[in-house]
Every structure is written in C-alpha cells, then in structure tokens.
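# My questions concern the predicted model and sequence given below.
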Amino acid sequence: MTYVLVKNGTLIDGNGGEPIQDAAVLLKDNKIKQVGRANEIRLPDEEVEILDAENGYILPGLFDTHVHMMMEFSNLEKTVSTPFSYHFYQAIEYMKKTVNAGITSVRDAGFTDVGVKQAIENGLVLGPRMQVSINPLTITGGHGDSWTRSGIDTTRPTYPGMPSGLCDGPEQVRQRVREMLRAGADIIKVHATGGVMSPTDHPEFTQFSFEELSIMVEEARFRRGIKVMAHAQGAEGVKNAVRAGIHSIEHGIYLDDEAIELMLKHGTYLVPTLLAPVAVLEQGKNSNNMPAHAIQKALEVVDIHHESVAKAYKAGVKIAMGTDAGVMPHGTNLRELNLMCGIGMSPMESLVATTKVAAECLGWEDKLGTVEEGKLADLVITKANPLADIAALENQDNIVTVVKDGKVVKDLRVANTNLVTQ
C-alpha cells in the first residue's frame, strides 16, 4: 500500500468551481483518498511519498472522446505501400504522445481493436485508458467506404478482431452491430452522413435510414447496454440520429435550430472536433498528405462548422471535447481547447468539457473526470495557468507531470524526476 501526496499546486478539479490555492491530493495505490488545502489533509502514519507540483496547476487526467489511435493520415503512396502490421508499431508512439499531452482516457472512434486496448490494460505498452468502437458502420459508397472511381479501394482492411463495417439494409445493419459487439466493442460507431475525408460523398449527404439507425441503438442498448456514437455532419443525418436515440453526435457541422432543439430534448452530447477541418487545411498547405477532395470540402465547411458549434453551445447542448486525432498528429489534441474558446466557451468551460463532461459522455463519471475522493488517480500537473492562457496546454513541455492509475507516467520536473519520501 503506497501513499503519494501531490502538493504545492493550485487545484482545478474539473467541476468548474474556483481553483483551490495551496492544494494537496493524497493518493493511495490507484485511488484518490483525500483532496483539499494542504493544511486540511490528514496524513497517515505510514510512509508518504511527495510529488511536488512546484507551484504548478493540478488537473484531472484529460479526455479526448474522439480519436483514431491506429492511424495518422498520410498520402496515398505511403498508405498503399505500408505493411499492415507496421500500423500497430506506429500506434505505440501515437499512444505515448497522447499520454504525454495529458490525455489519460480516450474513446476510439474507429479502427482500433480490443487487443490494443488490452495491451494497455496489461501494461505491455503505455497508452490512455480506452473505449473502442472497432469498425464504424457505413453504407456502400458512404463515408468509410474508400473505394475510388479509379477502381482502387483504400478502405482499411478487415482481419480477425476487425470485421467489415459496410452494411446496407436492416438485416445487414443488425448483423454488423452484433459482429462489432462480438469483437469487443465498448460503443458502436456509425457514419450517419457523408464526410470531408471520403472520396465519393459530401458532409450533407444522409446515410442510413431512421429504421436502420434505430436497429443499431436497439441491438447495442438492449442487448449489452452499450451506446451508439454517430459521425453526423449534415442536419438531416443529425436529426435522424438523435431521434433514433444515438448518444453523441460527432462533428455536427450543419446544425439547424431543429437539430439543436432535438439534442437538448434528448440530452444528446455534441463532440465538435473543431480541429479536424482546420488540420485538413493545414496539411493541405504544408504537405501532400491530403487529397484534393478533402481540402475542397474542408474549405467549404470550416466556417459553417464554427458557427454551428457556437450556436449549439449558446443553446446549452452538452459539449464533450474530441478532436478526430489521427486526421491531425496525435499529441496535438489540446489545440481543440483554444478552438472551443473561440466559439464562446471560457477556458474553465473548455477544461470541464475535457474532464467532467467527457467522463459523463463515456459513462465513467463515477470514477474519472474530476479530482474527488474515491475516484481513480489520474492527474495532470501543468506549469502554465490554463485559465490565463488555455493555448499554453498545446505545448507538451507545459504538461509537466502525468499520473495515470496512481503511477507517474510522465515527469518533466526540473528538480528531481523521482518522488521524494517524507
């Protein structure tokens, strides 16, 4: 039984209240035992190790509710010439970068199988705590079907543990959901509209009928208690998804008043991924990674996306932070926070969106998302004040220490990288 006292910092606990000066957090193994001002903590008689925050800021472990941990977008030549197994070794670095950014929990929105999640849980590799969706469901010719009109198909391959997500009609939809559940899906992902990255559709195109979406929700929720997340960019696709009972809308580029009213009525989460079209345009300018169709569509939607999310935020829609990491480099996730502030959120609200609200979106609010007694010991220590400069978190050098499950997995403190025993 090991006690660790995190002290000499200002606590931003994830609940959205005033920061606590001269705070301390007492950890035992992988749980938070006490939280408060340093003079309020009752130290045990046993040996306590000290983790000195060095006048930094103590936050809960951060969340990204929309990542693709097994990919990082590259040009077509590299995509078709890279050996299949190489992607698993690349993912080790992607996961490490994610944790180094302070992200200790993620929801993977496609292409990561349960073996990757298990390798993290068993300590074989360093990575964030995961929920996996396995493979997104998509219609033939829709977002997720990367068949091109040249006849070349660059759709990600299937393999044991990664069934195909292509399905058309109610019976195929039902079967695909069951196959994802059999493969270990924690959540079902569906492409309810077209998208920016796909070669033969448009973000406003509606995919799947209301009946098909309802079948997904039924199979997931009533058989396993599992939720459905929907890539949904066009207004009609968003409304179909919300009416069908889908838990979260990813992207939400074209949100009209009716869609927002429905989301409020149903308590649907919005995961904006504001960084995604911005990253497409940046890579289009600075590299040859992005196809022309993606750049063209990103130019078309980037301002509309900003306006839609701002309107949803002002209306009171629940917003959880997510980035679409994999479209942009992993480890750059916290750029999303500054973009969220750009649509009207305060720095504190953006932090709550990537802690408390994100944990609620994943159904993990009982164990993560805030620094409270009894929760898992996931903490981040920053040397910059995120309430004064939220963009400072984009620099990983400002993410000084990361604690996951009570273990220090990153430590850049100047004085000593080892815990001091008191």
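Thanks, I have it.

# Phi first, then psi, for Glu282.
Dihedral pair for Glu282: phi -60, psi -40, per degrees, to the nearest 10.

# Contact partners for it?
Met328 (CB atoms under 8 Å, 6 or more residues apart in numbering). Heads up, the C-betas are built off the backbone N, CA and C, glycines and all.

# For Met321, see how far away it is.
19 Å (CB to CB, to the nearest Å).

# ditto for Gly284
From Gly284 to Met321 the distance is 24 Å (CB to CB).

# higher neighbour count, the two?
Looking at Gly284 and Met321 with other CB atoms under 10 Å, you find the greater number of neighbours at Met321, namely 30 against 18.

# Now for the more buried one: which residues touch it?
Met321 sits in contact with 62-65, 271, 336-337, 340, 350, 353-354, 357-358, where contact means CB under 8 Å, 6+ apart.

# same thing but 7 Å
The contact partners of Met321, by CB atoms under 7 Å, 6 or more residues apart in numbering, come to Phe63, Asp64, Thr65, Glu336, Leu337, Met340, Ala353, Thr354, Ala358.

# cool, and Gly165?
Counting by CB under 7 Å, 6+ apart, Gly165 has contacts Asn135, Pro136, Leu137, Thr138, Gly144, Arg176.

# which one is it nearest to, not counting chain neighbours?
Spatial nearest neighbour of Gly165, chain neighbours left out: Asn135 (4.0 Å); criterion: CB to CB, 6 or more residues apart in numbering.

# so which helix or strand takes in that neighbour?
Assigned by DSSP states H and E, Asn135 belongs to neither a helix nor a strand.

# what's the burial count for it?
By the criterion of other CB under 10 Å, Asn135 has 26 neighbours.

# Give me the distance between it and Gly115.
14 Å.

# Just the CA trace of stretch 342-357, in CSV.
The C-alpha coordinates for stretch 342-357 follow below in CSV (Å, rounded to 0.1, in the frame of the first residue of the first chain):
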residue,chain,number,x,y,z
GLY,A,342,-13.1,30.6,-30.0
ILE,A,343,-16.8,29.6,-30.2
GLY,A,344,-17.6,31.4,-26.9
MET,A,345,-16.6,28.9,-24.2
SER,A,346,-14.5,30.2,-21.3
PRO,A,347,-11.1,28.4,-20.5
MET,A,348,-12.8,26.8,-17.5
GLU,A,349,-15.7,25.6,-19.6
SER,A,350,-13.3,24.0,-22.1
LEU,A,351,-11.5,22.3,-19.3
VAL,A,352,-14.7,20.9,-17.9
ALA,A,353,-15.6,19.7,-21.4
THR,A,354,-12.4,17.7,-21.5
THR,A,355,-12.8,16.4,-17.9
LYS,A,356,-16.1,16.1,-16.2
VAL,A,357,-18.4,16.3,-19.2
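
# residues making contact with the longest strand anywhere in the chain?
As assigned by DSSP state E, the longest strand anywhere in the chain is strand 48-60. Contacting residues not belonging to strand 48-60 are listed as 2-14, 23, 25, 351, 355, 369-371, 378-383, 385-386, 400, 413, 415, 419-422 [CB under 7 Å, 6+ apart].

# for the chain, what spans make up the helices?
Residue ranges of the helices in the chain, as given by DSSP state H, are 76-81, 86-100, 114-121, 170-182, 210-224, 235-244, 257-266, 275-286, 292-315, 335-342, 347-353, 356-361.

# the inter-axis angle of the second one versus helix 114-121?
Calculated by axes from the mean of the first three to the mean of the last three CA atoms, to 10 degrees, helix 86-100 forms an angle of 40 degrees with helix 114-121.

# mind listing what's buried in helix 86-100?
By neighbour count with 16 or more other CB atoms under 10 Å, helix 86-100 contains the buried residues Ala91, Tyr94, Met95, Lys96, Lys97, Thr98, Val99, Asn100.

# Show me what it is packed against.
Other helices and strands packing on helix 86-100, by 3 or more CB pairs under 7 Å, 6 or more residues apart in numbering; DSSP states H and E, are strand 399-404, strand 407-411.

# and what of the last one?
The helices and strands touching helix 356-361, judged by 3+ CB pairs under 7 Å, 6+ apart, are strand 62-67.

# Which strands or helices does the strand it packs on pack on?
Going by 3+ CB pairs under 7 Å, 6+ apart, strand 62-67 lies up against strand 103-108, helix 356-361.

# about what we covered before: nearest approach to Met70 belongs to which of the helices of the chain?
helix 86-100 (5.1 Å; CB to CB).

# Residues in contact with the closest one: which ones?
Contacts for helix 86-100 (CB under 7 Å, 6+ apart): 69-70, 72, 106, 116, 125-128, 330-331, 333, 396, 399, 402, 404, 409-410.

# Filter the residues you listed down to the buried ones, PyMOL style.
Only the buried entries of those go into this PyMOL selection, using 16+ other CB under 10 Å:
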select buried, resi 69+70+72+106+116+126+127+128+330+331+333+396+399+402+404+409+410
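
# This completes my enquiry, with thanks.
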